[in-house]
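*Asks:* Could you work out the structure for the sequence below:
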Amino acid sequence: MEGIVFPEEREVIRIKVKKCEGLMQPEYRKFAVDPQITSYEVLRHTLRRAFHLQSDFTISYLSHDSEGQEVWLSLLSDWDLDAAFISSSHPYLRLRVDARPFEDGPMPNNMKVRLKRRFSLMPKSKPSIVEFTGHKVLDDWDIISSKDTPEPVPHPVVPNVPNNRQKPQAAPLRRSLFSSVQTTLTRMTQVLSFNDTKEEEDEKPMKPALSDTEFHSFLDESGRLIRPEDLRLRIYHGGVDPALRKVVWRHLLNVYPAGMGGKERMDYMKRKANEYLKLKAKFLAQDTEEAQFVKNMVKKDVLRTDRTLDFFAVPDDHPNITALSNILTTFALTHPDVSYCQGMSDFASPLLVTMRDEAQAYVCFCALMNRIKPNFMLDGEAMTHKFQHLTELMHCVAPEFTEYLYKQQAEDLFFCYRWMLLELKREFAYYDALRMLEVMWSSLPPSPPQKDLELIDNVALMANLSIARYPYNEADRRQKGRRSSSSSNQSISPKSRDHRMSNRRGRRRTSSSASDKEDGNHNSMVDGRGSRLPSKDAEPKSTKRTTQQITHGSSSSTHSNGKSSLVPNGPKAAIPNGELPSPARSPMVFKKQLNGLSMSSLPPPDKFGYGNPFMLFLCLTILLQHQDIVMREQMDYNDIAMHFDKHVRKHNVNKVLNKARTLFAEYLKAQLQKSASSNGSGPNQC
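*Replies:* Okay, the predicted model is just below:
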């Protein structure tokens, strides 16, 4: 049906742009954008870079009037952009950019130019300008000749006579007024500067970023990393210099086996790069139904991943876009137990931008997916634990806010789904998100591969698990989900299970939108709010990180054997059967379940947050920063979800990191005290 734009078709808007500049030959560009994150300012920035525009310019889009005639409409705001996306983007949106040339040379002597801004629509003496397209436009500026400008009238010279009545006594009054205004401004400046100083302290990083000289202090003469825990602690407090990320990130992501020297690491990466090229050539050449299904899903997401970034603000067939697609498709086909899910492109994008090499980015992506792939598994176990732990943490730190969320039926915190699935990558500006990610990775214990980093899951391929991953065999997939859930004495609702299967088809979005709200979905990453994922005890890898180091800073020490202390397994959280409180339960039952929770009663770091506890404190910090406005405005579930969607990529990374570090240190200190108490007087009773 022509003229109808379905939500699936608007996930990516294809745009064709024509640039006109005087008598010069028109230029054309084609690209695609994500309408959920593309604002008017972002579009202007993209067009300015695409055409290398140095002067001001106007934007208009092609639409149709009530009679079906083509008409160019001005695009001046986010409202106009939304209208263009909704009404004029099928099959693509046509834009026109009119550049305004400016004079670089001196003005003629017989012409005096004055630019005057028009703030009202007063009638003009000269006729309207009609462009070649036939629509009328109003000038934003007037050019006035010297005839229109009256000559300045010279001030009369007052003779210097001792007659006080001829000289007004205005100077003392002006000096008095100026003095009063200056005093007021000085006081206001002092107050504002005090507040600014306090905010600046909150926004300052704890330490400067890791430099090249500091990094080499953690290596021996052969380039072997000899103090991996200390390196991570240093990065945790200050991040990494952007020029060093390509090298340091491989250590944070556990790419290298332990004990490798500099020359060995170079040979290792060359070997792994060649291995990837062979895998890509083999698996991308497949033309099966499964392979085509994966390729279509990946392509759909790649075309809308970080397209406002310079690296990806390129045509759809650019090598940068192709490289990202190759990485994700190769991984999905070589790891059929995980395959591809929406959100994986958000993890691959920073790696490709940082490494600037497709093969090296794939190696790092495989290392990262070894840790985060439970986020994308069908059983939903990892995400269930993260929601449960975040709820418990919220009750420990902000019980009033937790009770308020319960009254609004938002205690499940499903509006935080995107945060935990993507590890907050979209909640900060792009390069701020890179620093947040590296700080988060540094909070985890080193876990290098024993022998070699696997770039392909041969076990899954041998077992032919890909049969259960695609829509033409959904019965097998449902049966597999039932067996997985029944093994833990948990049940998974068909509604939730069907939603996760639709996720594998790329239909799940990572941010709420107006269409989601109209359809009744509070968060399009979650199928409504009526179903929960199954919950069972997780067994992540043990934490080998010294919690004293993070709690007390760089002045902490390790054990005499040179190894970091292992945080013992503490008691489980004080929630019966590890279940999340249900909305159907009464407030008294909800309070009783969470009653008595404290930092010491939370799960230990190797289990808290499914092995990534610091991420929970980042989520907690963002929630606390918006607690006052959420409660003051009496926001319900939809309002809260929309409120945080408006703050995508707008959070202050320094404020969030500094506060999260403080809260995390309190948690680790409580865990150490609990551990000492347990070792000295038997098991700790919650």
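*Asks:* show me the contacts for W419.
*Replies:* The contact partners of W419, by CB atoms under 8 Å, 6 or more residues apart in numbering, come to 427, 618-619, 622. To be clear about C-beta, it is placed using only N, CA and C from the backbone, and glycine gets the same treatment.
*Asks:* Neighbour-wise, which one of those residues leads?
*Replies:* L618 (30 neighbours; other CB atoms under 10 Å).
*Asks:* Sticking with D306, tell me its helix or strand.
*Replies:* Here D306 is covered by no helix or strand, with elements defined by DSSP states H and E.
*Asks:* roughly how far apart are it and V363?
*Replies:* Noted for D306: a distance of 20 Å to V363, by CB to CB, to the nearest Å.
*Asks:* Quick one: mean pLDDT for stretch 616-632?
*Replies:* The average pLDDT within stretch 616-632 is 97.
*Asks:* mind listing what's buried in it?
*Replies:* Neighbour-count burial for stretch 616-632 flags 616-624, 626-627, 630 (criterion: 16 or more other CB atoms under 10 Å).
*Asks:* picking up where we left off before, neighbour count: D306 and V363, which is higher?
*Replies:* Neighbours were counted for D306 and for V363 using other CB under 10 Å; V363 has more, 26 against 23.
*Asks:* Excluding chain neighbours, give the residue nearest to that one in space.
*Replies:* Nearest non-adjacent residue to V363, counting by CB to CB, 6 or more residues apart in numbering: K272, 4.8 Å away.
*Asks:* How many residues are close by that neighbour?
*Replies:* When neighbours are counted by other CB under 10 Å, K272 registers 21.
*Asks:* Inside helices: which ones of the buried residues of stretch 616-632?
*Replies:* Those of the buried residues of stretch 616-632 mapping onto helices are 616-624, 627, 630, per DSSP state H.
*Asks:* Which member of the residues you listed is positioned nearest G238?
*Replies:* L618 (16.5 Å; CB to CB).
*Asks:* give the contact list for V439.
*Replies:* V439 sits in contact with 235-236, 239, 614, 657, where contact means CB under 8 Å, 6+ apart.
*Asks:* mind redoing it with 10 Å?
*Replies:* Listed by CB atoms under 10 Å, 6 or more residues apart in numbering, the contact set of V439 reads 205-206, 232, 235-240, 252, 614, 618, 653, 657, 660-661.
*Asks:* quick revisit: what residues are up against the residue nearest to V363?
*Replies:* Neighbours of K272 in contact, by CB under 10 Å, 6+ apart: 255-256, 359-360, 362-364, 366, 452-453, 455.
*Asks:* Identify, from those, the entry nearest to L434.
*Replies:* Checking the contacts of K272 against L434 by CB to CB gives C364 as the nearest, at 13.0 Å.
*Asks:* related to what we said a few turns ago, which among the contacts of V439 count as buried?
*Replies:* Neighbour counting over these (16+ other CB under 10 Å) leaves 232, 235-240, 252, 614, 618, 653, 657, 660-661 as the buried ones.
*Asks:* Greatest separation within the residues you listed: which pair is it?
*Replies:* R232 and V653 (18.8 Å).
*Asks:* just for the stretch 1-150 of the chain, where's the confidence low?
*Replies:* Applying pLDDT under 70 to the stretch 1-150 of the chain flags the ranges 1-11, 101-150.
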